[in-house]
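Enquirer: Got a predicted model here, sequence first, then my questions.
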Amino acid sequence: MKAANGRLPRVYGTSIDRAGYAIAAGGICTGALVAALVALGGQHGMAALGIAWALGSVFAMLGITAVVTPIWLAVHALGWRGPVAAAVTGAALALFVFLGAQTHGFGMLRPLPPSGTALAYRWISAVATSLICAAISAAIAVLMWRIAYRRVA
């Protein structure tokens, strides 16, 4: 059945093994990001960077499996299987998680500073850094999508 623009719609499918490879790739990329952040923090020893990469990779794979998989299943079931859906989902999840972490659960877990100016700067900083993390997460999500999905004929 042709779409409104006269072309056949793109249909993507995946399998459990490709989903596992995608989780591994996402974890490895996130581990590399953690190692880069550790290097920017002043640790330049190969052992420190290797440990940072290994721990970052393992915890990222656990996080992807625990947090992202249920949402991915819902998005997959709705039929949103393209690279744009992957990028938007990855960016939205990262934005929510990082913004919540930097604002102490959006202000619910620990009181934020009472000063209005300090509070405004904290939120501006949290939004800015969360947007950067969301952009990186969107790129990792597209990489994971590319590994997990193939076009179905």
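Expert: Sure thing, it's come through.
Enquirer: how far out from the middle of the chain is the top helix by length along the chain?
Expert: Assignment by DSSP state H gives helix 116-148 as the longest helix of the chain. Between the centre of helix 116-148 and the centre of its chain there are 9 Å (CA atoms, centre = their mean, to the nearest Å).
Enquirer: Give the other helices and strands that the helix or strand following that helix contacts.
Expert: Going down the chain from helix 116-148, the next helix or strand is strand 149-151, by DSSP states H and E. Where contact means 3 or more CB pairs under 8 Å, 6 or more residues apart in numbering; DSSP states H and E, strand 149-151 is packed against strand 12-14. In short, each C-beta sits where N, CA and C put it, glycine included.
Enquirer: which strands and helices sit next to the longest helix of the chain?
Expert: Judged by 3+ CB pairs under 8 Å, 6+ apart, helix 116-148 is in contact with helix 16-40, helix 83-102.
Enquirer: wait, isn't Ala60 in contact with Gly27?
Expert: Yes - with contacts counted by CB atoms under 8 Å, Ala60 reaches Gly27, the gap being 4.3 Å.
Enquirer: What are the buried residues along the longest helix of the chain?
Expert: Neighbour counts using 16 or more other CB atoms under 10 Å place 122-123, 126, 130, 133-134, 136-138, 140-145, 147-148 of helix 116-148 among the buried residues.
Enquirer: Spatially nearest residue to the residue nearest the centre of the chain, not counting backbone neighbours?
Expert: Nearest residue to the geometric centre of the chain (CA atoms, centre = their mean): Ser137, 3.6 Å. Once flanking residues are discounted, Ser137 sits nearest to Ala94: 3.4 Å by CB to CB, 6 or more residues apart in numbering.
Enquirer: Contacts only, for that neighbour.
Expert: Contacts for Ala94 (CB atoms under 8 Å, 6 or more residues apart in numbering) come out as 130, 133-134, 136-138.
Enquirer: Could you do Arg18 as well?
Expert: Shown in contact with Arg18 (CB under 8 Å, 6+ apart): 147-150.
Enquirer: Among those, which one lies nearest to Arg110?
Expert: Of all the contacts of Arg18, Arg110 sits closest to Ala148, with 37.4 Å by CB to CB.
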